[in-house]
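*Asks:* Here is a sequence with its predicted model. Questions after.
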Amino acid sequence: MQKFKNIQFGLYFSIIFFILPLIFRSNYSKYTLVWFCIYCMLAVSLRFIMLVGAVNFAHAGFMGIGAYVSAVLMMRLGLSFWITFILGALVSAIFAAFFGIITLRLKGAYFFLVSFALVEIIRVFFSSYFVDIFGGVNGLIGVPPPNGILWLHFDAGSLGLLYLIGVITVLVLFSVYLFEKSYWGKVFNCINESDNLAQSIGINILKYKVIVFIIGCFIAGVAGSLYGCTNGVITPDDFTYELSLFLLVCVVLGGMENILGTVLSVSLLVVIRELFRSAAYFEPIIWGLSLILILLFAPRGLFGLGTNIFWIAKSTFRSLRKKEINAEG
Amino acid sequence: MLELVDVSKRFGGLVAVDGLSVTIKNGEFLGLIGPNGSGKTTVLNLITGFYHCSSGKITLKGESIEKRKPHEIAKKGISRTFQNTTVFSEMSALDNVVMGIHLRSGLNCLKSLLPTSSIQKIWGKAQDSAFELLKFFEMDEKTHIKSADLSNKDQKLLQILIALASKPQILLLDEPVAGMNYEEIESVMKLIKKVNELGITILLIEHNMKAVMSYCKRVVVLDYGRKLAEGSPEEVKQNENVIRAYLGSPELIT
């Protein structure tokens, strides 16, 4: 039952998503929807990695690798987008494999710290090394949009590109959902809950963690190359810890229970982000603060918050009634 | 069957296990006792690969296993439970046992990513055999309760079931009756004995003297990581070293 409900909700969500740009036809709303898609992919893949208990703060960095590789291949070698976006994601995944095999032995906060260092290393690498290829601090300007196929056109700001990204997002979300609901999802749960017990029943935890990490970073790479195409410009500063922090807030707010929670929280936070565009300088402070608040008051995220409020209301109602009865007695 | 030869483990300056040699025979019910900090759990961690020996050799049926990782050792047929009760607390009791079958359920493959009918069938089969196991431990009424909501005794039993689910040759139990009252201890020990009668070798670490003395055929006593005594419960009870190190005066045992 639960399974079908989730799929139903997902379907409604994507139908609403695909109708929205037909109603709001301005360029601005189109771009907002594209950001929503890209953040969705990123947040969902980050949550996917967090299923095995690894908080990957370098997620923005892996997105950057995807974006840069894909953009460089398109601009310097003139390859078609359809090849480069796969290649970009693959390079991101390969790099994730190297990084993961070494560092995923670390637990909890230690892995978090290493990944925090990695995201800075990636940023410094793109801004200071191979300046003639990666464009240094200025980044790459004029990343071409995907080439059209037959009568379909994907120029920047066009409906075609929006729908293309939308379809890729839905595909990504659906495959992650399948992954999670399968037996593998249970294994991930086991690893997250107790890696000692998981090992003792014969689960090779490093293997599973690395696989999950590679898949998550592959998705981040896909999101990165799509980001480059829509924005047209990529700079090293697009892929810093600030983006990772935003993604982390999305995942924590969405809760770990349901993938739709993450989608909901991303849509909420993207809107909030757009509303507070003028306060962009304070963004890290805002996200950091909200992360603490969420962890304090709704540790299980949006869904948890709902049930929490329900329980609080119920228990206060009960205690009030008790008082009434006592007063009467 | 399982042989520890001159095994030592040092944590920095502390010698937790010091030149220990123990042989566990096939089908045996061996008790491992000793005062707090005598290195019992360390021995268990060494056997299951959570720690690696500083020196010495551990062999299972002649094959050396001291350099293996925990999941590889689980594959060789050695299962264990943990001292602090560890179950997958967010899952139901049934799912816990299904996860215990991980190694032999056939779900551990790429195919299980898609909800195809053949996978559903294997899944159903795994659930059936998990249910059988729960029934064996008289827990069939609690299959769908979230394991965090189970009582201490049931969680301890569930832990043993998770370990049993992989059909091990040797079962290592780390204080399976800690924190239970007399009747609970009796019923759990009887179940463990039933498991032993199925032909599964059992190594039991326990603080409860009465349980060890009345159920184990052979007892090994550790103190400061060294073997103090070995033999039948009666022999151990009479051993002067043991009495001095651990049990106090002999009247207290019975």
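*Replies:* Right, received. Where do you want to start?
*Asks:* Domain map for chain A?
*Replies:* A:2-297, A:300-329 (automatic domain parsing).
*Asks:* most packed of these?
*Replies:* Using mean count of other C-beta atoms under 10 Å in any protein chain shown, the stretch among the domains of chain A with the largest mean neighbour count is domain A:2-297, at a mean of 19. C-beta here means a position set from N, CA and C on the backbone, and glycine is covered the same way.
*Asks:* ok, is it in contact with chain B or not?
*Replies:* Yes. Domain A:2-297 is in contact with chain B by C-beta under 8 Å from any C-beta of the partner chain, via A:178-179, A:181-184, A:186-187, A:189-190, A:193-194, A:196-197, A:199-205.
*Asks:* Just the ones in helices from those, please.
*Replies:* A:178-179, A:181, A:183-184, A:186-187, A:189-190, A:193, A:196-197, A:199-200, A:205 (DSSP state H).
*Asks:* quick check, distance from the helix or strand bottoming out on mean pLDDT in chain B to the centre of its chain.
*Replies:* Lowest by mean pLDDT, DSSP states H and E among the helices and strands of chain B is helix B:240-242, with a mean of 80. For helix B:240-242, the separation from the chain centroid amounts to 26 Å (computed by C-alpha atoms, centre = their mean, to the nearest Å).
*Asks:* Now do the strands in chain A.
*Replies:* A:140-141, A:233-234 (DSSP state E).
*Asks:* Mind putting these into TSV with distance to A:Leu106 and mean pLDDT?
*Replies:* Formatted as TSV, these follow (distance: least, C-beta to C-beta, whole Å; pLDDT from 0 to 100):
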stretch	distance to A:Leu106	mean pLDDT
strand A:140-141	33	88
strand A:233-234	30	90
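*Asks:* Looking at these, which is nearest to B:Ser187?
*Replies:* strand A:233-234 (66.0 Å; C-beta to C-beta).
*Asks:* just checking, what packs against that closest one?
*Replies:* Other elements packing on strand A:233-234 under the criterion 3 or more C-beta pairs under 8 Å, 6 or more residues apart in numbering or on different chains; DSSP states H and E are helix A:59-77, strand A:140-141.
*Asks:* give me that answer again for 7 Å
*Replies:* Secondary-structure packing of strand A:233-234 (3 or more C-beta pairs under 7 Å, 6 or more residues apart in numbering or on different chains; DSSP states H and E): helix A:59-77.
*Asks:* What are the contacting residues of the helix it packs on?
*Replies:* A:42, A:46, A:79, A:81, A:84-85, A:87-89, A:91-92, A:95-96, A:118-119, A:122, A:126, A:133-134, A:140, A:143-144, A:217, A:220-225, A:227-228, A:234, A:238-241, A:243-244, A:247 (C-beta atoms under 7 Å, 6 or more residues apart in numbering or on different chains).
*Asks:* returning to that earlier point: between the domains of chain A, which gets the lowest average pLDDT?
*Replies:* Among those, domain A:300-329 has the lowest mean pLDDT, at a mean of 72.
*Asks:* and it, anywhere near chain B?
*Replies:* No. Residues of domain A:300-329 contacting chain B under C-beta under 7 Å from any C-beta of the partner chain: none, with a closest distance of 11.4 Å.
*Asks:* ok, the nearest residue to A:Val55 once chain neighbours are set aside to A:Ile215 distance?
*Replies:* Excluding the flanking residues, the one nearest A:Val55 by C-beta to C-beta, 6 or more residues apart in numbering or on different chains is A:Phe112, at 4.7 Å. Using C-beta to C-beta, to the nearest Å, A:Phe112 is found at 19 Å from A:Ile215.
*Asks:* do the same with A:Phe154
*Replies:* 25 Å.
*Asks:* For B:Trp123, find the nearest of the domains of chain A.
*Replies:* domain A:2-297 (7.2 Å).
*Asks:* chain center to that closest one: distance?
*Replies:* Distance, stretch centre to chain centre, for domain A:2-297: 4 Å (C-alpha atoms, centre = their mean).
*Asks:* just stretch B:208-221 next, same as before
*Replies:* Using C-alpha atoms, centre = their mean, the offset of stretch B:208-221 from its chain centre is 15 Å.
*Asks:* From one end of that stretch to the other, what's the distance?
*Replies:* One end of stretch B:208-221 to the other measures 13 Å (C-alpha to C-alpha, to the nearest Å).
*Asks:* List the contacts of it.
*Replies:* B:22, B:28-34, B:177, B:185, B:189, B:193, B:204, B:206, B:227-233, B:236, B:242, B:246, B:253.
*Asks:* same check, this time on stretch A:166-183
*Replies:* Residues from elsewhere that reach stretch A:166-183 (C-beta under 7 Å, 6+ apart): A:3, A:14, A:17-18, A:37, A:40-41, A:44, A:48, A:51, A:185, A:219, A:222, A:226, A:259, B:107, B:112-115.
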